[in-house]
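> Whatever this is, show me its structure:
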Amino acid sequence: MPAALMVAYPAGDGAHFDRDYYVATHLPLVRRAFASQGLTDVAGYFPDASGDLLAVAILTFTDAARRDSALASAEAAPVFADIANFTTASPIPMPMTVA
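Numbering: from 1, shown residues only. Purely as a prediction, here's the structure:
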């Protein structure tokens, strides 16, 4: 059964988020890092109105085991390190099952 990781970036405490960097650099980095780890899709979403979230990412994997393995892999380190390059928000990861 497919599995996903939703990552929410909260807007609290005046957090900064560089959408251009996120789209042009971070999302392609995620694709490259996890392509061999069962990643089937990655997408970034931005709220139409200001609110509690700056952005949400949804990464879809072939199954939960591959998702969990990808997040624990050596390839995940550059992805996590890159977060500081586009936001000051503390991301909230939420593993999910895809129906």
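
> the strands in the protein, which residues?
Secondary structure of the chain (DSSP state E): strands at 3-10, 39-45, 53-61, 92-97.

> Could you dump these into TSV and include mean pLDDT, distance to His16 and mean neighbour count?
For glycine as for every other residue, the C-beta is placed from the backbone atoms N, C-alpha and C. Below are these laid out as TSV (pLDDT from 0 to 100; distance: least, C-beta to C-beta, whole Å; neighbours: other C-beta atoms under 10 Å):
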stretch	mean pLDDT	distance to His16	mean neighbour count
strand 3-10	98	10	19
strand 39-45	98	16	15
strand 53-61	97	8	20
strand 92-97	97	17	12
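
> Relative to Leu29, which of the ones you listed is closest?
Closest to Leu29 of the strands of the chain, according to C-beta to C-beta: strand 39-45, at 9.9 Å.

> Which strands border the closest one, and is each parallel or antiparallel?
Here strand 39-45 is paired, per DSSP bridges, with strand 53-61 (antiparallel).
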